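K.L.:
Got a predicted structure here, sequence first:
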Amino acid sequence: MTDETFDEKVKEVEANIKAIKAYDKILNQIKEVDNILKESEEK
Amino acid sequence: MADNNVYVNNTKTLMKEIGSKNSGKIQKIVEDYEKINSDWNKFLDDQIQKIDPSYNPIANSKSEDEKISDLAQKTYYYDDTKKQDFKSELKKQLTARDNGRLKLKDIAEEALKKQYDLIKKNKEIIKELSDSLQADIEKKNKLDAKIKQLDEEKSDNDNKIAERQNLISTLETEISKLDPDKDKSTIIAKRKQIQSYRNDVLKLSDRNNDINRDKNNKITEKDKIETGDNRQKEIDDLNNINKDLEYHFNENYNDLNKQFSADGITINHPGRSNEAVTPGAPQLEGDNERENGNSNPEAQQTRGTSGGVSNGQPDTQNNQLVKLSEKQIAANMAREFRNMTLNEQKNMLNGYGYNDLVAMTSYLRLTDKKRMNNALRESIAEMDVPKLDDFKNKISQVPNVNGDMAEQWYNLIFNENNEPRYLKDLEVVELRQIQKAIDTVNENRNEIGKTNPELLDYFDKNFVQFVQKGSLIERVKTGRIKGFFADMFNGKQKAVRDKLSASMRDYCMARSDAKTASKEYENDIRRMLGKEVIPDNERRDTRSNTRYDNELQKLDRQNLSR
């Protein structure tokens, strides 16, 4: 595999990693609001 | 370079779409959730204000549990129409709330699916990089081995050429020392040998030329293979990060599924049918083949069964408890009473139902009856005597009772010094009036409960409790044989005594039924909400131990009775 192809594929993986972390923000937010709702129910 | 920008731009666009609390998808999630929350609380507050117009949700903030208890206990139990209306409204609200949560579930599932696909894609790319690097390294190694082999062959050939040339040189020296006429045949033989060596040298030199050409080709081929200086390290780093993300993905999935399953909602795993995942353990490509590993019982819970206690009573199959007869309960209570301190006895007298205590007295010894008498007198002495004005004001709200009648009721129970009266001092006509007072409230229980449930509690605390304890004093003082109000021997007195006993029993049963039905109603609502139901022994801190024996206690009793 040429250096150029290798670098391109590495960049693709790195971009995917960033995207996975970005989706994590959504999931964390869902967990957070759900917890807030539950805490308010238990007050 | 242009391609690299595409990746970065796409990620940036994605992150912008996802946003934060103040923008993008996340802002929408927070807003949706706040709306669900606020709609739900407003619904509960509105309902409470319907039954208690003075309730101020801002000044008297209550938890959801407190609100539900208020709604279940205060009014609706007594009013079937309002009860059904409330349940129907509650169902609508729950549907709306569930729909909101289902939207969140969809967003969560979409994000999980994207993560799942990206992690899977990364694995494929990393595997491709790794396989390609391994193949290239292997190819290079093979070329190196071939070059080394060629070098060795050439070196071997060079040695052979030098050896041949030495031999040629030796032969030529020897020929120069021979006589060309006398040694002609020897010289011819040696020259033939020299020629043979020269032919060998030529062949070996030709082979060396081929080797050099072959070697140069191999070197060129090898140089074309790019394996980089740090490729393996880069691949390992990416692989480790992707594995961490995969672990985190599984953790996230389990957390979310656990959170939502409490509301009866299951988050679908993007890679397989619903099942909890042990973080990091199952790999993405093996997900579908995974046999049952760790099933999460919480994930199996659905709305309506989350409490695990269906009717508040122990499960006889699980804990081997045996329900006792009323007589056995009474005998157990008497046994417990015997071993209690005075304070514990007072707590028992305040906490147990009237009929239970009456039944218990039959199993008390004379000395225990004396102790019960003392405990009852102390208990009465500790009770707060209501103020006449307050009593009149409250009791005159009972249907068909005016202020004068309320004052008359007060004077039946308390003397001119505002102290409780002993029932033995009451006239027959007064006992009859007490019986009628109890009947009046009991007959109007539902009517009062619809509009003024606190009035029932007030009457119970400030009238019935005094009658109840007073009658128990008479019972333990006179004993089972003579019976309640044993001083009254003639037929009229006996009739009043019987009627009052019956009224007390009816009143206590209606009160107990009301509490049971109210609890069932509250539990119905709690089931609708997916909340844990409240078992019997949390409400009545009294009878759970005496109502059931375990198998061992049962056998003990059987042995003792033989």
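P.N.:
Now that the structure is in, tell me what you want to look at.
K.L.:
Can you tell me how far the residue of chain A found nearest chain B is from residue B:400?
P.N.:
Among the residues of chain A, residue A:15 lies closest to chain B, at 3.6 Å counting by C-beta to the nearest C-beta. Bear in mind the C-beta positions are built from the backbone N, C-alpha and C, glycine included. Applying C-beta to C-beta, to the nearest Å, the value for residue A:15 to residue B:400 is 82 Å.
K.L.:
Give the residue from those two that has the larger number of neighbours.
P.N.:
Legend: neighbour count by other C-beta atoms under 10 Å in any protein chain shown for residue A:15 and residue B:400, higher for residue A:15 (21 against 8).
K.L.:
Wait, the more buried one touches residue B:11, no?
P.N.:
Yes: with contact defined as C-beta atoms under 8 Å, residue A:15 reaches residue B:11; the gap is 5.1 Å.
K.L.:
Which parts of chain A are helices?
P.N.:
A:3-42 (DSSP state H).
K.L.:
Could you list the low-pLDDT ranges of it?
P.N.:
A:34-43 (pLDDT under 70).
K.L.:
again, 90 this time
P.N.:
The model of chain A has pLDDT under 90 over residues A:1-3, A:22-43.
K.L.:
can you pull the contacts of the residue nearest to the spatial centre of it?
P.N.:
Residue closest to the mean C-alpha point of chain A, counted by C-alpha atoms, centre = their mean, is residue A:21 at 2.2 Å. Taking C-beta atoms under 8 Å, 6 or more residues apart in numbering or on different chains, we find residue A:21 in contact with residue B:245.
K.L.:
How far does stretch B:456-469 stretch from one end to the other?
P.N.:
Criterion C-alpha to C-alpha, to the nearest Å; first-to-last residue distance in stretch B:456-469 is 18 Å.
K.L.:
Touching that stretch from outside, list them.
P.N.:
With contact meaning C-beta under 8 Å, 6+ apart, stretch B:456-469 is reached by B:349, B:354, B:376, B:379-380, B:383, B:386, B:391, B:394-395, B:398, B:409, B:413-414, B:420, B:423, B:434, B:437-438, B:441, B:445, B:448-449, B:504, B:507-508, B:511, B:514.
K.L.:
Tell me which of those residues fall in helices.
P.N.:
Among these, the members falling in helices (DSSP H) are B:349, B:354, B:376, B:379-380, B:391, B:394-395, B:409, B:413, B:434, B:437-438, B:441, B:445, B:448-449, B:504, B:507-508, B:511, B:514.
K.L.:
show me which of those residues neighbour chain A.
P.N.:
Contacts with chain A are made by none of those, judged by C-beta under 8 Å from any C-beta of the partner chain.
K.L.:
Distance of residue B:524 relative to residue B:45?
P.N.:
In this view, residue B:524 and residue B:45 are 21 Å apart by C-beta to C-beta.
K.L.:
Look up which helix or strand residue B:48 falls in, please.
P.N.:
For residue B:48, the enclosing helix or strand under DSSP states H and E is helix B:24-51.
K.L.:
got the angle for that helix vs helix A:3-42?
P.N.:
10 degrees (axes from the mean of the first three to the mean of the last three C-alpha atoms, to 10 degrees).
K.L.:
quick one, helices of the stretch 51-200 of chain B?
P.N.:
Under the criterion DSSP state H, counting those that start in this stretch, helices of the stretch 51-200 of chain B are mapped to B:64-73, B:80-176, B:184-224.
K.L.:
Please name whichever of these is nearest to residue B:232.
P.N.:
Closest of the helices of the stretch 51-200 of chain B to residue B:232 is helix B:80-176, at 6.5 Å (criterion: C-beta to C-beta).
K.L.:
ok, now which ones touch the residue lying closest to residue B:359 once chain neighbours are set aside?
P.N.:
Spatial nearest neighbour of residue B:359, excluding adjacent residues (C-beta to C-beta, 6 or more residues apart in numbering or on different chains): residue B:330 at 3.8 Å. Residue B:330 makes contacts with B:356, B:359-360, B:362-363, as judged by C-beta under 8 Å, 6+ apart.
K.L.:
quick one: which of these has the most company?
P.N.:
Most neighbours among the contacts of residue B:330, by other C-beta under 10 Å: residue B:360, with 26 neighbours.
K.L.:
just checking, that residue touches residue B:333?
P.N.:
Yes: the pair residue B:360 / residue B:333 is scored as a contact, 4.3 Å apart, by C-beta under 8 Å.
K.L.:
Identify the contacts common to those two.
P.N.:
With C-beta under 8 Å, 6+ apart, residue B:360 and residue B:333 have common neighbours residue B:352.
K.L.:
ok, residue B:340 touching residue B:348?
P.N.:
Yes: taking C-beta under 8 Å as the definition, residue B:340 is a contact partner of residue B:348 at 6.6 Å.
K.L.:
Which one's more surrounded, the two?
P.N.:
Per other C-beta under 10 Å, whichever of residue B:340 and residue B:348 has more neighbours is residue B:348, with 20 against 14.
K.L.:
Now do the same contact list for that one.
P.N.:
Residue B:348 neighbours (C-beta under 8 Å, 6+ apart): B:333, B:336-337, B:340, B:542.
K.L.:
who in the stretch 201-350 of chain B is up against chain A?
P.N.:
Listed as neighbours of chain A in the stretch 201-350 of chain B under the rule C-beta under 8 Å from any C-beta: B:226, B:228, B:231, B:234, B:238, B:241-242, B:245, B:248-249, B:252, B:255-256, B:259-260, B:262.
K.L.:
make it 6 Å
P.N.:
B:226, B:238, B:241, B:245, B:252, B:259 (C-beta under 6 Å from any C-beta of the partner chain).
K.L.:
from these, which ones fall inside strands?
P.N.:
When these are checked against strands (DSSP state E), there are no matches.
K.L.:
which of these count as buried?
P.N.:
If you count burial by 16 or more other C-beta atoms under 10 Å in any protein chain shown, the buried members of those come out as B:238, B:241, B:245, B:252, B:259.
K.L.:
So the fourth one sits against residue A:27, correct?
P.N.:
What that stands for is residue B:252. Yes: using C-beta atoms under 6 Å, residue B:252 is in contact with residue A:27, at 5.2 Å.
K.L.:
Quick check: which of the helices of the stretch 51-200 of chain B is buried the most?
P.N.:
Of all the helices of the stretch 51-200 of chain B, helix B:64-73 has the most neighbours on average by mean count of other C-beta atoms under 10 Å in any protein chain shown, namely a mean of 18.
K.L.:
quick one: residue B:187 from residue B:173, how far?
P.N.:
13 Å.
K.L.:
for residue B:20, phi and psi?
P.N.:
The phi/psi pair for residue B:20 (degrees, to the nearest 10) reads phi -140, psi -160.
K.L.:
Can you get me a residue count around residue B:33?
P.N.:
21.
K.L.:
Now do it against chain A, distance only.
P.N.:
4 Å (C-beta to the nearest C-beta, to the nearest Å).
K.L.:
got it, and residue B:396?
P.N.:
For residue B:396, the distance to chain A equals 39 Å [C-beta to the nearest C-beta].
K.L.:
With residue B:508 instead?
P.N.:
35 Å.
K.L.:
count of residues packed around that residue?
P.N.:
Neighbours of residue B:508 under the rule other C-beta under 10 Å: 21.
K.L.:
Can you tell me the closest non-neighbouring residue to it?
P.N.:
Going by C-beta to C-beta, 6+ apart, residue B:508 has residue B:354 as its nearest residue, at 4.4 Å.
K.L.:
The one you found reaches residue B:506, doesn't it?
P.N.:
No: Residue B:354 lies out of contact with residue B:506 (C-beta under 6 Å); the separation is 11.0 Å.
K.L.:
Give me the domain ranges for chain B.
P.N.:
B:79-233, B:316-561 (automatic domain parsing).
K.L.:
can you put the helices of the stretch 51-200 of chain B in TSV and add mean pLDDT and distance to residue B:404?
P.N.:
Shown next, in TSV, are the helices of the stretch 51-200 of chain B (pLDDT from 0 to 100; distance: least, C-beta to C-beta, whole Å):
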stretch	mean pLDDT	distance to residue B:404
helix B:64-73	72	32
helix B:80-176	91	33
helix B:184-224	96	116
